[in-house]
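In: curious how this folds, go ahead:
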Amino acid sequence: TLFTLSTSSRRGSVPASKAKQKEPLRRVKTKENRSKRGDVHGPSTVYLQVVGAGSRDNAASVYVFSEFNRYLFNCGEGTQRLMQEHKLKAARLDNIFLTRLSWENVGGLSGMILTLKDTGVPECVLSGPPQLENYLNAIKSFSGPLEDIKLSVRPYTEETYSDDTMTVYQVPIFGGPTQATPQKADVSSADDPGESEQARLDMQRTAARDSSLVVAFACKLHPKKGNFLVAQAKELGLPVGTAAIGPIIAALKDGKSIVHEGKEIRPEQVCTPTDPGPVFIMVECPSEEFLGALCTNQQLGRYQTGGTEDPAALVVHMTPESVLKTDQYKKWMERFPSTTEHLILNEHACTIHNIRSHKIQAQLNMIHPEIFPQLKAYKPQAALHVPNVRAECLLKFQLRPVMEWQRDAIPSCNSEEFVKEASEVPNFLAEVDKCRKICSAGSAELSGKYPEVVFLGTGSALPMKIRNVSGTLVNISPSQSLLLDCGEGTFGQLCRHYGDDVDDALSKIATVFISHLHADHHTGFVSHLYLQATLGKPFSPIFLVAPVQIMTWLNQYHDYCEEILSHINLIPNKFLCDTVEVPKQRTKSFIQAMLKKNNLQRFHTCLVRHCKNAFACSFTHQAGWKLAFSGDTMPCDAFVHIGKNATLLIHEATLEDELEEEAVEKRHSTTSQAIGIGMKMNADFIMLNHFSQRYAKIPLFSEDFNDRVGISFDHMRVSLSILSKVSTSCFLHFASSDFFPVRLNKKIKEQHCVRTGLISLFSTVVPHYNTVHLSRAPSFADIFFVHNFACFCFSFFFFNSALCSAS
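Out: Residues are numbered from 1 along each chain as shown. So this is what the prediction gives:
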């Protein structure tokens with residue numbers, strides 16, 4: 001089945017009519033040339049590399065490389081972010097294999113498809129479980145039709161696939177009957193035919209979902225001909241270096257003996273042995289229901305001791321720890337010979353994936369540990385009794401040319417090293433120390449006040465190494481939270497922010513607001529639903545305040561993948577607009593319950609100037625504070641109206657002021673436009689977010705920055721009660737210093753002078769600030785200075801690194 005989807009909505013890209021035609025990728029041309037030449041020999045270099053190790057913040061995924069092809073096995077949330085950060089090129093990816101149609105395995109698929117399309121990949125084939133076509137249709141409901149990429153679905157019933165690198169055998173494994181019985185509505189057909197019809201539909205949906213099947217993959221590399229040994233050939237008198245040697249080499253590599261000058265020369269005399277092609281296996285056993293079928297599977301048994309094929313070189317286990325520890329699974333692993341390596345990807349992985357996030361946070365933490373808390377990591381787990389390797393991000397297992405583990409690519413995450421790097425910036429430590437002394441008295445106040453805002457994703461379009469896509473957590477009280485947008489990877493950000501306390505943080509989120517149906521704003525929502533329902537705690541359905549069109553996507557996922565609709569109380573955004581009447585009593589009751597649950601007086605929405613059915617919101621707490629959230633929009637008077645006199649405005653500032661024309665085309669706001677809306681709204685404080693990923697760390701400053709404006713960072717944590725006391729800002733010191741124009745426009749020969757000037761500026765501004773403020777008790781002006789100082793250091797680290805690289 002072929003699908004054609006469009007990504008213009010998610011990426012804010014130029015309309016298709018204006019888009020430039022992309023040249024075919026060079027590797028596509030190379031592949032065509034190989035086919036014409038009839039090359040059939042296997043690749044010389046092949047390795048598997050861990051992308052996501054299966055930890056809670058990054059689902060299990062494995063990247064397979066050869067010089068001819070690239071493959072991805074499973075694509076959970078955050079996969080494309082990891083590939084971007086660690087330079088695993090999606091442009092070469094043409095096959096994605098999925099072991100099971102669960103959110104852990106497909107949560108990142110929509111973003112990956114859009115990324116492949118944007119990078120010019122002409123075709124991608126998805127292999128695996130049933131209902132995959134229906135899942136792609138669900139993606140289509142918000143992405144629109146694709147025009148430049150052809151998606152093909154290869155069902156598990158097509159057992160064999162072969163290309164230039166390897167042959168892949170799809171091995172279906174059917175589980176036993178599920179222990180949980182489907183939930184049925186309590187209905188009486190005589191009393192309420194409508195409820196009876198709903199029950200019938202629920203039963204149809206249960207039948208359509210097929211959770212009783214996982215697909216394993218046995219992958220066998222094509223044989224590789226032996227290498228021609230030039231020195232031995234010369235000794236035997238072969239015409240090395242002449243035109244006549246070509247046919248001779250070809251014959252010998254094909255295993256044929258030749259006669260040269262009356263002398264027979266056998267292949268083994270001048271060629272290394274042919275590599276028959278090792279086998280690796282990808283297997284997921286999600287629960288004990290699949291153990292019997294897995295352990296008795298004859299196709300996989302061929303690669304175990306006593307099987308009909310050469311034993312597997314590597315088995316990759318994407319299996320939860322509870323199943324791995326069962327005697328039955330252990331015995332199945334033991335049936336592979338001792339030469340077989342085992343790689344474990346599951347929730348016990350302790351590797352850190354997003355190194356750049358940890359690095360930036362460690363450096364900002366030096367400035368203020370309350371505003372920029374250290375990110376959490378997981379402790380190593382004990383090994384199984386079967387010799388195995390626990391997955392780490394970027395760990396490699398090389399199959400060719402030499403079979404071995406390779407750890408050189410595994411990134412290091414050492415907070416002490418990150419701090420040391422920052423400390424080497426001249427005068428940095430001295431100024432940090434002064435700043436922390438000023439603010440120390442305010443730290444306790446900052447950490448103990450509610451509401452509290454945690455920025456989980458502050459970038460736009462697609463997740464990148466510094467900024468994830470949209471997600472803002474508002475902790476209204478110690479027991480209640482509200483989530484504003486939920487882009488891909490939001491749960492991973494929660495894991496990194498809260499660590500072992502993430503389940504507690506997740507259980508407190510009673511309401512989720514989705515501004516509009518672009519993938520960077522809502523594709524993390526399903527994992528949120530699924531995980532919150534599996535916490536083992538008393539659970540009430542989430543109040544979902546979203547465009548009603550989101551139900552097309554959720555209904556299709558519910559019908560064909562996993563049950564989720566019982567976890568939702570939908571409040572369509574349009575029914576919270578001022579002049580719209582709520583037609584159904586059920587919706588009215590949801591609205592009242594949502595307000596009561598969050599201790600809110602009111603919750604307003606309005607249509608904004610972005611895509612169709614895009615909304616902003618504002619809500620007022622019973623304590624009197626008010627928060628306004630723009631979602632994605634151009635400057636919008638309707639939003640000014642509902643956000644009037646907000647305590648905090650969170651407004652998108654996707655682009656710098658010089659790109660106003662592009663902002664109009666993509667229907668976003670510039671920095672100054674966002675600030676202008678805040679001024680018209682009379683907001684106490686304006687926090688900018690949703691920055692274009694072209695700005696590596698912070699956007700360009702505008703002259704409109706003032707003491708009521710801040711820039712958000714991922715994992716930044718602030719209190720509204722303190723924001724409301726802001727009285728000054730140091731943004732203008734840095735914006736007027738010509739720092740940012742210099743960073744972008746000056747030539748390399750001027751950089752030494754610029755660096756010296758920046759150090760002087762830095763040493764001048766901060767002591768002046770200290771002289772003015774040390775004579776009184778710390779206020780939020782001091783706390784906010786920390787935030788501005790962080791912005792400066794953020795950009796200064798980047799600038800200093802760029803200078804070192806250039807020199």
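In: roughly how far does the closest residue to Ser719 other than its chain neighbours sit from Gly120?
Out: Excluding its sequence neighbours, the residue lying closest to Ser719 (C-beta to C-beta, 6 or more residues apart in numbering) is Lys449, at 4.3 Å. Where C-beta positions appear, they are placed from N, C-alpha and C, glycine not excepted. Distance, Lys449 to Gly120, by C-beta to C-beta, to the nearest Å: 49 Å.
In: same question for Glu77.
Out: Taken as C-beta to C-beta, the span from Glu77 to Gly120 is 24 Å.
In: and those two? Which one has more around it.
Out: Higher neighbour count among Glu77 and Gly120: Glu77, with 29 against 14, using other C-beta atoms under 10 Å.
In: any idea how far the more buried one lies from Ala646?
Out: Counting by C-beta to C-beta - Glu77 and Ala646 are separated by 31 Å.
In: CA-only coordinates of stretch 87-106 in CSV, if you can.
Out: What follows is stretch 87-106, C-alpha atoms only, in CSV (Å, rounded to 0.1, in the frame of the first residue of the first chain):
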residue,chain,number,x,y,z
LYS,A,87,24.7,12.4,13.5
LEU,A,88,23.0,9.2,12.4
LYS,A,89,21.8,10.3,9.0
ALA,A,90,18.1,9.8,8.2
ALA,A,91,18.7,10.6,4.6
ARG,A,92,20.0,7.1,4.0
LEU,A,93,17.2,5.3,5.7
ASP,A,94,14.9,3.3,3.5
ASN,A,95,13.7,0.5,5.7
ILE,A,96,12.0,0.6,9.1
PHE,A,97,11.2,-2.7,10.8
LEU,A,98,8.7,-2.8,13.7
THR,A,99,8.4,-5.6,16.1
ARG,A,100,5.0,-4.7,17.5
LEU,A,101,2.4,-2.0,16.9
SER,A,102,2.7,-0.4,20.4
TRP,A,103,3.4,3.2,21.2
GLU,A,104,6.9,2.3,22.5
ASN,A,105,7.8,1.1,19.0
VAL,A,106,5.9,3.6,16.8
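In: list the buried residues of that stretch.
Out: 88, 90, 92-106 (16 or more other C-beta atoms under 10 Å).
In: same check, this time on stretch 641-648
Out: Residues of stretch 641-648 classed as buried by neighbour count (16+ other C-beta under 10 Å): Ile642, Gly643, Ala646, Thr647, Leu648.
In: can you tell me which of those residues are in helices?
Out: In helices, judged by DSSP state H, the following of the buried residues of stretch 641-648 are found: Ile642.
In: so which of the buried residues of stretch 641-648 is the closest to Glu660?
Out: Set against Glu660, the nearest of the buried residues of stretch 641-648 by C-beta to C-beta is Gly643 (22.1 Å).
In: count of neighbours near the residue lying closest to that closest one once chain neighbours are set aside?
Out: Nearest residue to Gly643, sequence neighbours excluded (C-beta to C-beta, 6+ apart): Ala628, at 3.2 Å. Using other C-beta under 10 Å, Ala628 has 27 other residues around it.
In: got it, and Ala391?
Out: By other C-beta under 10 Å, the residues close to Ala391 number 26.
In: and it, what's its pLDDT?
Out: In this model, Ala391 is scored at 96, pLDDT.
In: next, give phi and psi for it.
Out: phi -70, psi 140 (degrees, to the nearest 10).
In: Asp485 versus that one, what's the distance?
Out: Going from Ala391 to Asp485 by C-beta to C-beta gives 30 Å.
In: low-scoring stretches of this protein, by residue?
Out: For the chain, the stretches with pLDDT under 70 are 1-40, 177-210, 380-385, 435-448, 696-703, 721-807.
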